[in-house]
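A.B. asks: Any chance you could fold what I've pasted below:
(one chain, ligands or ions: 2)
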Amino acid sequence: MSIQYIKGVGPKRASKLRRLNINTVEDLLYFVPRDYEDRSKFKTLRECTIGEKTSLEVEVCGPPNILRPRKNFSILKIPIKDESGYGCLVWFNQDYLRDRFAIGNKLIVNGKINKMGMEIQIVNPIFEKEGNLKKIGKIMPIYPLTEGLTNNEMINIMTNVLRDNLKKVEEFLPVDLRERLNLLDIKKSLMNIHFPTNKDQLLRARARLSFEELLTLQLGLFIIKNKANSYNEGIKFPKVKEIDEFIESLPFKLTEAQKKVFKEIEENMESNKQMNRLVQGDVGSGKTIVAVLAMFKAWKSGFQSVMMAPTEILATQHFESISKFLSSYNVKCELLVGSISNKRKEEILKDLQEGNVDIIVGTHAIIQDNVQFKNLGLAITDEQHRFGVKQRAALSQKGTNPDVIVMTATPIPRTLALILYGDLDISIIDELPPGRKEIETYAVGTDMIKRVNNFVKKQIEEGRQAYIVCPLIEESETLTINAAEELYNNLKEDVFKDLNMGLLHGKMKAKEKDEIMDDFKNHKLDILVSTTVIEVGVNVPNSNIMVIYNAERFGLAQLHQLRGRVGRGNHQSYCILINEGNNKVARERMRILQQTTDGFKISEKDLELRGPGEFFGTRQHGIPELKVANLFTDMEILKIAQREALEIIKEDPNMCSSKYYYLRQKIQEMFKKSGKDLIFN
Ligand code: ADP
Ligand code: MG
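C.D. replies: Ligands and ions are numbered 1, 2, ... in the order given. Model prediction:
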């Protein structure tokens with residue numbers, strides 16, 4: 001039914017409601033208040049304190065009195081009493097109210113308390129006659145509004161819609177589930193979310209509505225995922241015995257977490273379903289080698305692999321380390337980035353198409369149309385947060401249902417990962433290789449720069465290297481680069497004049513970047529001054545100091561990534577955050593970074609500081625919008641919803657049972673709104 005025909009709406013208000021994204025009766029029922037005003041607490045005149053808003057039960061005990069202290073300004077006073085004492089109701093410029101009261105009237109009022117001398121005043125109160133209370137003595141909703149629509153109007157509309165339509169709402173959660181979790185039924189929940197009988201009922205109503213929303217969302221995502229898995233037949237890779245030997249030959253022992261994750265990948269590869277797997281692991285957890293193992297398996301099985309990285313620096317570095325890991329095998333690896341010569345590119349493309357290249361590493365140059373494989377079996381994306389869903393898809397379309405791995409160093413709590421990457425299986429490398437020393441982190445003011453520089457010098461004299469990062473200037477890349485150049489020149493001419501320094505920024509030619517990076521890696525440079533281009537992936541174990549200028553301009557996750565560039569070797573590492581100004585949120589960020597190096601904790605805090613919307617941009621992930629639940633604050637409810645959703649899917653993968661009839665409909669509606677048609681089998 002169109003909302004226009006709801007009592008109290010009409011065409012004009014309907015168009016205003018549409019601005020609030022309310023188009024149907026259901027939208028209205030689920031339009032939850034942003035807050036509540038508790039008018040349920042009563043006090044006596046004696047108990048009231050100045051400034052509070054409260055409800056009182058009073059009796060009119062004298063005639064109205066109107067004062068006119070100035071022209072165009074009047075004060076109406078109605079004397080009142082209760083068993084504790086005397087007071088008066090006060091209105092400004094509303095003389096017409098005088099006739100509404102007679103001595104002896106019993107009133108229920110709610111308003112703000114003021115005291116003038118000895119007199120207790122209730123200022124601009126709302127009032128109702130005893131008996132049929134509508135607005136006082138209750139917890140009242142405060143709605144998000146739009147221009148030309150008041151909260152009182154919303155309350156009236158909501159009262160009508162609940163009275164006329166609530167009875168038609170069907171319960172869609174199975175009764176056994178509701179009873180087990182002690183959830184309110186749907187009608188009570190909708191009633192209480194708008195007009196709660198008390199606080200407890202409000203909390204229960206919110207919990208139920210939040211739960212149903214998260215359950216619906218999670219079920220929908222699980223169903224999409226099951227579909228993806230059952231529909232796409234994938235390559236069935238054989239068992240590869242040589243892999244153990246290869247693992248034995250590595251210069252280090254795999255961590256338990258790496259073994260566990262590779263096992264998950266291996267099982268996936270050997271099944272006949274296409275793999276779609278997210279590998280999450282904090283910076284330095286050793287994701288690359290896990291990818292190499294998978295590529296080794298693909299190669300031994302006669303398939304080609306591709307690995308895509310977001311920057312040339314990173315792609316080059318991956319290419320080098322992959323080649324090194326595989327140097328004693330006859331694997332043909334190639335690097336495809338924008339900066340190689342056309343002639344070389346053509347050769348590589350030809351070899352790739354003819355199957356003479358086994359592993360190719362590159363930037364997004366690799367998803368261009370002219371890149372063709374002979375038999376792509378495995379597609380890996382590194383640092384997936386830098387790529388969109390489309391690029392990821394483009395990469396896997398280079399083959400026929402190749403297995404897909406995406407790797408990310410942005411750790412998010414598992415509960416959220418299940419939502420945001422609902423279409424992917426998730427593996428987590430939740431352990432760092434042993435022997436890593438905790439990075440010491442210090443937040444300092446600009447007055448400490450001299451001491452910081454001396455410290456850097458001393459470490460360099462001991463044979464170490466340092467990164468110095470200057471901030472991105474949001475408004476302009478040119479300004480950023482100027483700032484980097486300026487910092488570089490200042491340091492080079494002054495404190496570090498005897499040291500070898502390099503400068504790296506995004507606008508440099510790829511070849512120049514490579515040279516600088518190589519020089520730094522080979523220790524021809526002591527200090528690398530850089531913009532955030534080194535944020536992801538760069539690995540130079542001898543470098544043990546990270547100095548970040550204007551650290552207050554970076555987000556938590558970004559600072560954590562930057563810090564992850566050090567602490568990769570055997571030396572004690574340091575991260576020094578130089579702050580300008582005294583911003584509160586920035587201070588909080590610095591405090592968190594000093595306290596922990598655990599990426600999962602940091603991302604949870606980041607989430608808390610920024611809120612989930614900003615953190616993920618759920619829209620970007622294509623997730624239906626939530627009306628009641630909040631992915632962050634309702635984490636506990638989310639966990640329960642996920643547990644229940646898993647149970648349901650396990651027991652009845654297509655939710656065919658009649659007890660899920662309405663729930664299925666609900667899921668379909670939710671996903672339809674975000675443009676996805678969910679078809680059940
Ligand atoms: P990230 O997960 O951040 O991509 P990398 O794969 O770059 O991490 O690994 C970081 C460093 O740790 C590399 O130098 C790598 O060779 C090394 N490494 C990886 N796994 C182990 C391990 N199990 N033991 C010791 N060092 C390891
Ligand atoms: Mg990496």
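A.B. asks: can you give me the end-to-end distance of stretch 179-195?
C.D. replies: Across stretch 179-195, the terminal residues are separated by 23 Å (C-alpha to C-alpha, to the nearest Å).
A.B. asks: in that stretch, what counts as buried?
C.D. replies: Residues of stretch 179-195 classed as buried by neighbour count (16 or more other C-beta atoms under 10 Å): Leu183, Leu184, Ile186, Lys188, Ser189, Leu190, Met191, Asn192, Ile193, His194, Phe195. The way it works is simple: take the backbone N, C-alpha and C, and place the C-beta from them, glycine included.
A.B. asks: need the contact list for the residue in the stretch 501-650 of the chain that ligand 1 sits nearest to.
C.D. replies: In the stretch 501-650 of the chain, no residue comes nearer to ligand 1 than Asn539, which is 4.9 Å away by C-beta to the nearest ligand atom. Taking C-beta atoms under 8 Å, 6 or more residues apart in numbering, we find Asn539 in contact with Gln317, Ser321, Arg565, Arg568.
A.B. asks: These in helices, which ones?
C.D. replies: Gln317, Ser321 (DSSP state H).
A.B. asks: Within range of ligand 1, give me the residues from the stretch 401-550 of the chain.
C.D. replies: Proximity of the stretch 401-550 of the chain to ligand 1 (C-beta under 6 Å from any ligand atom) is limited to residues Ala409, Pro433, Asn539.
A.B. asks: What is the nearest of the buried residues of stretch 179-195 to ligand 1?
C.D. replies: Leu183 (41.5 Å).
A.B. asks: show me the contacts for the residue nearest to Leu525 when sequence neighbours are not counted.
C.D. replies: Among residues not flanking Leu525 along the chain, Gly502 sits closest, at 4.3 Å (C-beta to C-beta, 6 or more residues apart in numbering). Remark: with contacts taken as C-beta under 8 Å, 6+ apart, Gly502 is in contact with Ile516, Asp519, Phe520, Leu525, Ile527, Leu528, Val529.
A.B. asks: Just read off the phi/psi values of the fifth one.
C.D. replies: So that's Ile527. phi -130, psi 130 (degrees, to the nearest 10).
A.B. asks: burial measure for it, as a count.
C.D. replies: As a burial measure, Ile527 scores 25 neighbours (other C-beta atoms under 10 Å).
A.B. asks: Return the distance of it relative to Gln465.
C.D. replies: 7 Å (C-beta to C-beta, to the nearest Å).
A.B. asks: Then the first one?
C.D. replies: Distance of Ile516 to Gln465, given as C-beta to C-beta: 13 Å.
A.B. asks: the more surrounded of these two?
C.D. replies: Using other C-beta under 10 Å, the more surrounded residue of Ile516 and Gln465 is Gln465, with 25 against 20.
A.B. asks: Surely Ile428 is within a helix?
C.D. replies: No: looking at Ile428 with DSSP: H, G, I helix; E, B strand; the rest coil, it is strand, so not inside a helix.
A.B. asks: May I ask you to confirm that it is in contact with Val261?
C.D. replies: Yes: using C-beta atoms under 8 Å as the test, Ile428 is close enough to Val261 to be in contact (7.3 Å).
A.B. asks: mind putting the residues of the stretch 401-550 of the chain next to ligand 1 in CSV, pLDDT and secondary structure included?
C.D. replies: Shown next, in CSV, are those (pLDDT from 0 to 100; DSSP: H, G, I helix; E, B strand; the rest coil):
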residue, pLDDT, secondary structure
Ala409, 79, coil
Pro433, 88, coil
Asn539, 82, coil
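A.B. asks: hang on, the earlier thing: rebuild the contacts of Asn539 as a markdown table, extending it with neighbour count.
C.D. replies: Shown next, in a markdown table, are those (neighbours: other C-beta atoms under 10 Å):
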| residue | neighbour count |
| --- | --- |
| Gln317 | 21 |
| Ser321 | 15 |
| Arg565 | 27 |
| Arg568 | 20 |
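A.B. asks: Widest-spaced pair of the contacts of Asn539?
C.D. replies: Pairwise distances across the contacts of Asn539 peak at 15.3 Å for Ser321 and Arg565 (criterion: C-beta to C-beta).
A.B. asks: higher neighbour count, Ile428 and Val261?
C.D. replies: Between Ile428 and Val261, counting by other C-beta under 10 Å, Val261 is the more crowded of the two (29 against 19).
A.B. asks: Can you tell me the element Ile75 falls in?
C.D. replies: Assessed by DSSP states H and E, Ile75 sits inside strand 73-82.
A.B. asks: let me redo that: Lys507
C.D. replies: Applying DSSP H and E, one finds Lys507 in no helix or strand.
A.B. asks: ok, it - contacts?
C.D. replies: Applying C-beta under 8 Å, 6+ apart, one finds that Lys507 lies in contact with Glu477, Ile481.
A.B. asks: rerun at 10 Å
C.D. replies: Lys507 makes contact with Glu477, Thr478, Thr480, Ile481, Ala484, Lys513, Thr531, Val533 under the criterion C-beta atoms under 10 Å, 6 or more residues apart in numbering.
A.B. asks: With Glu431 instead?
C.D. replies: For Glu431, the contacting residues are Thr255, Glu256, Ala257, Gln258, Lys260, Val261, Gly281, Asp282, Ser285, Gly286, by C-beta under 10 Å, 6+ apart.
A.B. asks: Can you tell me how far it is from Asn356?
C.D. replies: 38 Å.
A.B. asks: buried sites along the longest helix along the chain?
C.D. replies: Identified as the longest helix of the chain according to DSSP H is helix 199-231. Neighbour-count burial for helix 199-231, counted by 16+ other C-beta under 10 Å, picks out 201-202, 204-223, 225, 227, 229.
A.B. asks: What of stretch 509-518?
C.D. replies: Buried, per 16+ other C-beta under 10 Å, within stretch 509-518: Ala510, Lys513, Asp514, Ile516, Met517.
A.B. asks: And stretch 31-39, by the same measure?
C.D. replies: Buried residues in stretch 31-39 (16+ other C-beta under 10 Å): Phe31, Val32, Pro33, Tyr36, Arg39.
A.B. asks: How about stretch 76-84?
C.D. replies: For stretch 76-84, by 16+ other C-beta under 10 Å, it's Leu76, Lys77, Ile78, Pro79, Ile80, Asp82.
A.B. asks: Look at the closest residue to the first one other than its chain neighbours and say how many residues are nearby.
C.D. replies: Nearest residue to Leu76 in three dimensions, chain neighbours excluded: Trp91, at 4.5 Å (C-beta to C-beta, 6+ apart). For Trp91, the neighbour count with other C-beta under 10 Å is 21.
A.B. asks: And Met269, by the same measure?
C.D. replies: 26.
A.B. asks: next one: Lys41
C.D. replies: Quick note: Lys41 (other C-beta under 10 Å) scores 12 neighbours.
A.B. asks: Then the one 5 residues further on?
C.D. replies: In terms of burial, Arg46 registers 11 neighbours under the definition other C-beta under 10 Å.
A.B. asks: mind listing what the closest residue to ligand 1 within the stretch 51-200 of the chain touches?
C.D. replies: Shortest the stretch 51-200 of the chain-to-ligand 1 distance, computed as C-beta to the nearest ligand atom: residue-wise this is Leu181, at 38.8 Å. Contacts for Leu181 (C-beta under 10 Å, 6+ apart) come out as Leu173, Ala207, Arg208, Phe211, Ile637, Ile640, Ala641, Glu644.
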